[in-house]
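Asker: generate coordinates for the sequence data below:
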Amino acid sequence: MSKQPASLRFSSAFLGVCLLASPAIAQTYNNPQTQQVASAAPTGRYGGGFFEFVMSGGRAATYNQPAPAYYASATPAEPQRTMDPMFMRQEVAYAGSERSGTIVIDTAHRFLFLVEKDGKALRYGVGVGREGFAWSGTERISRKAEWPDWTPPVEMLKRRPDLPMHMAGGIGNPLGARALYLGGSLYRIHGTNEPYSIGTSVSSGCIRMMNDDVIDLYGRVGIGTKVIVM
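Answerer: Predicted structure coming up:
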């Protein structure tokens, strides 16, 4: 029997390696979840890829693993605006003459007080009307609504024609989670999807509260509750 030349024996062995290795490589590289990751992997001593696999004897098992720098280009999250802690809900002493259950809104200091018994009150931080939209007076809660719809008044639409004619209630609604309507006026005590506005003069006359706070207040007061805006 004649012996095969050395070059032919090497070619046959090399081809055997190809046939054994190729399916495994193709199965991994063609996976959509690993294609982008593979392109970011280190190249190794032999330049990476299939040649790296053959010459390293299959030891280049990290070829399809993500390189640490692959995710480093992610854009950092935008810093979130926060509310001053002084506007968090808390029980405080109250020296006023209003009866228990009355709501008193101090627009100058951006606080809403729900008067309690024994010289106490629950104090909430609020956002109030900006310059030209501030008001004062006494009203009573005429209606309550959970996740209210919002229909901007005609006057507001004239100032802001970009606003929608109507917006269904929900997370993105400017009235937030609850609304307490004040008499027959256009004003409300309501939640907000802009919690960082609490403690500022920003609204068109309505009183804004944190959603958690307006939900809390909503459960404590009823129709007919007296509201004093100072």
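Asker: all contacts plus neighbour counts: C-alpha atoms, from now on.
Answerer: OK.
Asker: any stretches of this protein with poor pLDDT?
Answerer: 1-80 (pLDDT under 70).
Asker: count of residues packed around residue 182?
Answerer: 23 (other C-alpha atoms under 10 Å).
Asker: pop out the phi and psi values for it.
Answerer: When quoted as degrees, to the nearest 10, the phi and psi of residue 182 stand at phi -100, psi 100.
Asker: hang on, it packs against residue 138?
Answerer: No. Here residue 182 does not reach residue 138: they are 9.0 Å apart, not a contact under C-alpha atoms under 8 Å.
Asker: any common contacting residues for these two?
Answerer: residue 227 (C-alpha atoms under 8 Å, 6 or more residues apart in numbering).
Asker: OK, contacts around the closest residue to residue 93 other than its chain neighbours?
Answerer: Distance criterion C-alpha to C-alpha, 6 or more residues apart in numbering; nearest residue to residue 93, sequence neighbours excluded, is residue 120 at 4.6 Å. Residue 120 makes contacts with 91, 92, 93, 94, 95, as judged by C-alpha under 8 Å, 6+ apart.
Asker: most neighbours among the residues you listed, which one?
Answerer: Most surrounded of the contacts of residue 120: other C-alpha under 10 Å gives residue 94, at 18 neighbours.
Asker: distance check, residue 168 against residue 203.
Answerer: 20 Å (C-alpha to C-alpha, to the nearest Å).
Asker: these two: which is more packed in?
Answerer: Set side by side, residue 168 and residue 203 show more neighbours around residue 203, with 16 against 12, by other C-alpha under 10 Å.
Asker: that one contacts residue 128, doesn't it?
Answerer: Yes. Counting by C-alpha under 8 Å, residue 203 touches residue 128, with 5.7 Å between them.
Asker: helices or strands up against the lengthiest strand in the chain?
Answerer: Using DSSP state E, we find that the single longest strand of the chain is strand 137-146. Counting contacts by 3 or more C-alpha pairs under 8 Å, 6 or more residues apart in numbering; DSSP states H and E, strand 137-146 is packed against strand 178-182, strand 226-229.
Asker: what sits up against the next helix or strand after it?
Answerer: Remark: after strand 137-146, the chain's next helix or strand is helix 154-159, criterion DSSP states H and E. The contact list for helix 154-159, computed with C-alpha under 8 Å, 6+ apart, reads 163, 165.
Asker: in helix 154-159, what counts as buried?
Answerer: For helix 154-159, the neighbour count (16 or more other C-alpha atoms under 10 Å) marks no residue as buried.
Asker: kindly report the same for stretch 133-149.
Answerer: 134, 135, 139, 140, 141, 142, 144, 146, 147, 148, 149.
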